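Peer 1: What would the 3D arrangement of this be:
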Amino acid sequence: MIKILLHTVSLMLISGHVLATEVTPSRQSELIHLLKQDCGSCHGMTLKGGLGPALLPAQLEGKSTNYLVTTILEGHPETAMPGWKTMLSDDDALWLANQIKQGIQ
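Peer 2: Modelled structure (predicted):
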């Protein structure tokens with residue numbers, strides 16, 4: 001039974017269909033603000049790119065949710081992209097990754 005559960009969770013992670021369930025509506029509002037203000041300072045206020053690349057669904061196509069979560073939490077060495085793991089939980093990063101893959105209004 002445990003083997004089946006682990007396999008199911010692995011498939012969900014690989015396919016990018018995992019939704020963050022621990023992020024409250026209040027925290028979601030904070031994360032959207034962070035995305036637009038802090039991430040937007042490098043990725044452009046409309047997330048169309050700037051110092052950092054665009055964070056739009058078309059530009060993120062082919063990038064897994066796990067890749068985006070890791071990038072959010074760990075950053076990219078030798079670039080201006082910092083890791084946010086001291087400020088964001090895994091659930092926060094997963095929620096953000098899912099949002100940017102869908103497109104932010």
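Peer 1: Compute the number of surrounding residues for Pro77.
Peer 2: 7 (other CB atoms under 10 Å). Glycine gets a C-beta too; all of them are placed from N, C-alpha and C.
Peer 1: Please apply the same query to Leu60.
Peer 2: 19.
Peer 1: what do you get for Tyr67?
Peer 2: Count around Tyr67 with other CB under 10 Å applied: 13.
Peer 1: Backbone dihedrals for it, please?
Peer 2: Backbone geometry at Tyr67, expressed as degrees, to the nearest 10, gives phi -60, psi -50.
Peer 1: Quick one: low-confidence residue ranges for this structure.
Peer 2: Applying pLDDT under 70 to the chain flags the ranges 1-21.
Peer 1: so where do the helices sit in it?
Peer 2: Secondary structure of the chain by DSSP state H: the helices cover 2-15, 25-34, 40-43, 57-60, 65-74, 90-102.
Peer 1: ok, now how distant is the closest residue to Lys36 other than its chain neighbours from Leu88?
Peer 2: Sequence neighbours aside, Met45 is the residue nearest to Lys36 in space, at 6.9 Å (criterion: CB to CB, 6 or more residues apart in numbering). Per CB to CB, to the nearest Å, Met45 is found 20 Å from Leu88.
Peer 1: who's more crowded, the two?
Peer 2: Of the pair Met45 and Leu88, Leu88 is the one with more neighbours under other CB under 10 Å, namely 18 against 11.
Peer 1: just how off-centre is stretch 45-57 within its chain?
Peer 2: 13 Å (CA atoms, centre = their mean, to the nearest Å).
Peer 1: scratch that, stretch 24-39 is what I was asking about
Peer 2: That offset, for stretch 24-39, works out to 12 Å (CA atoms, centre = their mean).
Peer 1: buried sites along it?
Peer 2: Leu31, Leu34, Leu35, Cys39 (16 or more other CB atoms under 10 Å).
Peer 1: what residues are up against Leu35?
Peer 2: Leu47, Leu96, Gln99, Ile100, Ile104 (CB atoms under 8 Å, 6 or more residues apart in numbering).
Peer 1: With neighbour count and distance to Val23 as new columns, can those residues be given to me in TSV?
Peer 2: Formatted as TSV, the contacts of Leu35 follow (neighbours: other CB atoms under 10 Å; distance: CB to CB, whole Å):
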residue	neighbour count	distance to Val23
Leu47	20	19
Leu96	26	9
Gln99	18	10
Ile100	22	14
Ile104	16	15
